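Asker: Provided below are the primary sequence and the corresponding predicted coordinates.
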Amino acid sequence: MAAELHVELVAADRSVWSGEATLVVARTTSGDIGVMPGHQPLLGVLESGPVTIRTSDGGIVVAAVHGGFISFADNKLSLLAEIAELSDEIDVQRAERAFERAKSEADASAERRADVRLRAVAAR
Amino acid sequence: MGAQLRVYKRRIKSVTATKKITKAMEMIAASRVVKAQRKVAASTPYATELTRAVTAVGTGSNTKHPLTTEAETATRAAVLLLTSDRGLAGAFNSNAIKAAEQLTARLEAEGKEVDSYIVGRRGVAHYNFRERTIAKQWSGFTDQPEYADAKTVAGPLIEAIEKDTAEGGVDELHIVYTEFVSMMTQTAVDSRLLPLSLETVTSAAAAAGAEESAKKDEILPLYDFEPSAEDVLDALLPRYVESRIYNALLQSAASKHAATRRAMKSATDNAGDLINNLSRLANAARQAEITQEISEIVGGASALADATAGSDK
């Protein structure tokens, strides 16, 4: 049996995704970090960015995560985010519109949020 | 129709109309309780994971943080009281307010100044009527709170606790809300959010789920912090406070709807009883009227017969 780790991706108001994975890549404030089974216990602060989960059956799950935490211990990985969306939940047209609007209004945080969404979709 | 009967009929009509309204409110509240309960359940995984992380940092590092260290002499405390915007919920609001007042009295007895932060129009009205100062107030979302609402509430509170006491900051943060125990039982509780003590974190974890309480004694591993323990704690604690406030808001909302449902159910039952009694009275009044009419007719007829018999002679 290939080594696996259990992933829980939870947003403030719901559980977004959970399952077994072989690799999780997330962006912390000090750079991208990849977590594989057997990693040292870790607790980090996440930046807005796409999180890539390689599931144990070979598929890839991408989620847009806006701030939050990553914590790993005992082969259990928790991704906590105030807002988290799976890439197939994201409405691309809406995100594009939000991106344009944020750009014209010079709303940096909204622009970054929309950008993260679009990148999550692109990475799918 | 006699005057008495008309009065009863009118009252029955108005009580029936009121009963329809309370019945509808009961049903609306019942459906909202379920929705609110579902939201509480949906927010539990986040709260549980966050609590685990806080416990991990708290035990796994010797970092000192203003949010975890107790002031040697606490002089000011903030009390956050969660009430609802609307009444018609039995003793729901008065219980929460009473709990807040007891807590305030206790803190004042300990020599602390108390700042009141209030959510919900009912609590605000209560304090305004007694001309007490409110540090900050929010309303408009108590029926269906969102995470963003918890953030707006948590923001000024975290700001106040990070400020120095001399500049108007506070040393402690307490929260008073109504815990949703079951459909029939909701209790007003108060708890200290900050400064954080690890026992309260573990008991919060125990409250968050039975599974978690079973694992309460597990030994937490030594974590690697990214970027550093201080930064993680800095980012983690405000989220922790937000998530606790969010949870309290959701429980409060669920409790309010349950209390409304119960109050409206007894109002509907009482209206039913009232209608029964009034219909009995109305029936008696109608019967009395008929009896009176018959005796009047009989009396009139016999008087007429007497008169004609007299004139024949």
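Answerer: Structure's in. What do you need? Since this is a predicted model, take the numbers as computed values, not measurements.
Asker: got a list of what the closest residue to A:A26 other than its chain neighbours touches?
Answerer: Nearest residue to A:A26, sequence neighbours excluded (C-beta to C-beta, 6 or more residues apart in numbering or on different chains): A:V51, at 4.6 Å. In this view, the C-beta of every residue, glycine as well, is placed from N, C-alpha and C. Counting by C-beta atoms under 8 Å, 6 or more residues apart in numbering or on different chains, A:V51 touches A:9, A:24-27, A:62-65, A:79, A:84.
Asker: which parts of the stretch 1-150 of chain B sit against chain A?
Answerer: Residues of the stretch 1-150 of chain B lying near chain A by C-beta under 8 Å from any C-beta of the partner chain: B:39, B:42-43, B:45-46, B:49-50, B:52-53, B:56-57, B:146-147.
Asker: repeat that for 7 Å
Answerer: Contact residues (C-beta under 7 Å from any C-beta of the partner chain) of the stretch 1-150 of chain B with chain A: B:39, B:42-43, B:45-46, B:49-50, B:53, B:56-57, B:147.
Asker: so which residue of the stretch 51-200 of chain B comes closest to chain A?
Answerer: B:Y147 (4.3 Å; C-beta to the nearest C-beta).
Asker: From B:Q292, how far out is that residue?
Answerer: Note on B:Y147: its distance to B:Q292, by C-beta to C-beta, to the nearest Å, is 69 Å.
Asker: just B:L196 next, same as before
Answerer: Here the criterion is C-beta to C-beta. By it, B:L196 lies 79 Å from B:Q292.
Asker: In terms of neighbours, single out the busier of the two.
Answerer: B:L196 (22 against 11; other C-beta atoms under 10 Å in any protein chain shown).
Asker: so which helix or strand takes in that one?
Answerer: Of the helices and strands defined by DSSP states H and E, none includes B:L196.
Asker: re earlier: so which of the residues of the stretch 1-150 of chain B next to chain A is surrounded by the most neighbours?
Answerer: Among the residues of the stretch 1-150 of chain B next to chain A, B:Y46 has the most neighbours (other C-beta under 10 Å), with 29 neighbours.
Asker: In contact with that residue, which residues?
Answerer: Residues near B:Y46 by C-beta atoms under 7 Å, 6 or more residues apart in numbering or on different chains: A:10-12, A:80, B:243.
Asker: again, 6 Å this time
Answerer: The neighbourhood of B:Y46, defined by C-beta atoms under 6 Å, 6 or more residues apart in numbering or on different chains, consists of A:10, A:12.
Asker: The helix or strand harbouring it: how far from the chain's middle?
Answerer: In the assignment (DSSP H and E), B:Y46 maps to helix B:3-60. Here helix B:3-60 shows a centroid-to-chain-centroid distance of 9 Å under the convention C-alpha atoms, centre = their mean, to the nearest Å.
Asker: Contacts made by the next helix or strand after that helix with the rest, please.
Answerer: Remark: after helix B:3-60, the chain's next helix or strand is strand B:76-82, criterion DSSP H and E. Here strand B:76-82 makes contact (C-beta under 6 Å, 6+ apart) with B:100, B:104, B:107, B:112-119, B:123, B:160, B:165, B:170-177, B:248, B:252.
Asker: which secondary structure element contains B:N95?
Answerer: Element membership of B:N95 [criterion: DSSP H and E] is helix B:92-109.
Asker: helices or strands next to the following helix or strand past that helix in the packing?
Answerer: Next along the chain after helix B:92-109, taking DSSP H and E as the criterion, comes strand B:113-119. Strand B:113-119 is packed against strand B:76-82, strand B:136-138, with contacts defined by 3 or more C-beta pairs under 6 Å, 6 or more residues apart in numbering or on different chains; DSSP states H and E.
Asker: Just want the angle from strand B:113-119 to helix B:92-109.
Answerer: 160 degrees (axes from the mean of the first three to the mean of the last three C-alpha atoms, to 10 degrees).
Asker: ok, and for strand B:113-119, which residues are buried?
Answerer: Going by neighbour count (16 or more other C-beta atoms under 10 Å in any protein chain shown), the buried part of strand B:113-119 is B:114-119.
Asker: ok now stretch A:85-93, how far from the chain's centre?
Answerer: Chain-centre distance of stretch A:85-93: 12 Å, with C-alpha atoms, centre = their mean.
Asker: what is the rounded mean pLDDT of it?
Answerer: For stretch A:85-93, the mean pLDDT works out to 79.
Asker: Tabulate the CA atom coordinates of that stretch in PDB.
Answerer: Taking C-alpha atoms only, stretch A:85-93 is exported to PDB below (Å, rounded to 0.1, in the frame of the first residue of the first chain):
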ATOM      1  CA  GLU A  85     -13.600  26.700  -2.800                       C
ATOM      2  CA  LEU A  86     -12.900  23.700  -4.900                       C
ATOM      3  CA  SER A  87     -11.900  24.600  -8.400                       C
ATOM      4  CA  ASP A  88     -15.000  23.000 -10.000                       C
ATOM      5  CA  GLU A  89     -17.200  25.000  -7.700                       C
ATOM      6  CA  ILE A  90     -15.800  28.200  -9.000                       C
ATOM      7  CA  ASP A  91     -17.800  30.200 -11.500                       C
ATOM      8  CA  VAL A  92     -15.100  31.200 -14.000                       C
ATOM      9  CA  GLN A  93     -17.100  34.000 -15.600                       C
END
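Asker: Show me what counts as buried in that stretch.
Answerer: Buried, per 16+ other C-beta under 10 Å, within stretch A:85-93: A:85-87, A:90.
Asker: Output the below-cut-off pLDDT ranges for the chain.
Answerer: Let's take chain A. The model of chain A has pLDDT under 70 over residues A:1-2, A:123-124.
Asker: hmm, I had chain B in mind actually
Answerer: B:1, B:59-72, B:197-221, B:312-313.
Asker: Swap in 90 and give it another go.
Answerer: By pLDDT under 90, the low-scoring segments of chain B are B:1-4, B:38-78, B:86-91, B:110-115, B:131-136, B:140-151, B:154-173, B:181-186, B:189-244, B:306-313.
Asker: In the sheet, which residues pair with whichever residue of it sits closest to chain A? Tell me.
Answerer: Chain B approaches chain A most closely through B:E226 (3.2 Å), counting by C-beta to the nearest C-beta. Beta-bridge pairing of B:E226 under DSSP bridges involves A:G44.
Asker: what's around it, how many residues?
Answerer: Neighbour count of B:E226, defined by other C-beta under 10 Å: 20.
Asker: Would you agree it is in contact with A:G44?
Answerer: Yes. Between B:E226 and A:G44 there is a contact at 3.2 Å, judged by C-beta atoms under 6 Å.
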